[in-house]
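Engineer: Here's my sequence, what's the structure:
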Amino acid sequence: MERRTLLKTLLAGALASSARRAWAQRLVATQRQTEGPFYPDKLPLDQDNNLVNISGRRGSAAGEVTDLTGRILDLDGKPLRGVTIEIWQVDNNGRYIHSGDAGASNDPNFQGFGRFETGESGQYRFRTIKPVPYPGRAPHIHVKLSKGGKELLTTQLYVQGHRLNERDGVLRGVRDPSQRAALMAPFLPSIERPAELSARFDIVLGAAPPS
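Structural biologist: Take a look at the predicted model:
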């Protein structure tokens with residue numbers, strides 16, 4: 001290889017490495033949030049990543065259907081595979097699938113809980129609804145990560161720009177503005193399905209998961 005070509009190759013590699021480091025330095029570790037009292041005390045039979053359609057039922061969940069996606073990364077921006085992500089949230093009537101919150105107003109067509117395991121890209125996907133508020137809380141989705149039977153992180157995802165965010169005691173407990181912003185995602189009209197919404201929420205682990 002000619003000296004000039006070699007220098008160009010080395011320079012390109014150095015610039016790419018520098019760009020990756022600069023991007024990684026901008027990553028903010030996703031902050032831990034309370035699990036809350038309503039993690040399902042009896043998991044539904046259907047535990048897939050589609051919360052708006054329950055196996056064996058013809059109906060669909062009420063609410064604004066949302067395609068929730070994102071990646072699970074470490075602080076260097078490396079995608080993490082084999083991580084199980086669970087989400088749970090209230091239905092469109094503000095009810096959890098928990099015996100302590102059960103009632104006639106629960107939406108029978110909303111799964112309320114879902115699970116997904118990441119592949120090489122660290123990406124996850126859920127089909128759910130845009131979260132709604134209930135007394136004392138801004139709209140949010142609970143999120144839990146685990147790998148190899150070890151819990152890695154429990155947090156909550158909030159709707160960017162919602163008027164109740166500033167009054168939510170759990171969210172206000174995150175004092176750093178950048179850390180608080182990292183817990184929010186915009187829920188926007190979907191390009192693929194115009195009648196639905198889409199939201200992207202990348203999760204950055206501050207500690208490396210077990211291999």
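
Engineer: Check the gap between the closest residue to E120 other than its chain neighbours and F110 for me.
Structural biologist: Spatial nearest neighbour of E120, excluding adjacent residues (C-beta to C-beta, 6 or more residues apart in numbering): R81 at 5.3 Å. The C-beta positions use only the backbone N, C-alpha and C, and glycine is treated the same way. According to C-beta to C-beta, to the nearest Å, R81 and F110 sit 29 Å apart.

Engineer: With neighbour numbers in mind, choose between those two.
Structural biologist: Each of R81 and F110 has its neighbours counted (other C-beta atoms under 10 Å); F110 has more, 26 against 15.

Engineer: Using the three-state scheme, assign F126.
Structural biologist: Classification of F126 by DSSP: H, G, I helix; E, B strand; the rest coil places it in strand.

Engineer: Could I get the contacting residues of it?
Structural biologist: By C-beta atoms under 8 Å, 6 or more residues apart in numbering, the contact list for F126 reads N49, N50, L51, D67, L68, T69, I87, G114, F116.

Engineer: which residues does V143 bridge with?
Structural biologist: V143 has these beta-bridge partners by DSSP bridges: I87, T155.

Engineer: Okay, strands next: where are they in this structure?
Structural biologist: All strands of the chain, identified by DSSP state E, fall at 65-74, 84-88, 113-117, 123-129, 140-147, 150-159, 184-185, 188-189, 197-200, 203-205.

Engineer: In TSV, list these along with distance to G36 and mean pLDDT.
Structural biologist: Shown next, in TSV, are the strands of the chain (distance: least, C-beta to C-beta, whole Å; pLDDT from 0 to 100):
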stretch	distance to G36	mean pLDDT
strand 65-74	18	98
strand 84-88	9	98
strand 113-117	13	98
strand 123-129	17	98
strand 140-147	6	98
strand 150-159	8	98
strand 184-185	18	98
strand 188-189	26	96
strand 197-200	20	98
strand 203-205	18	97
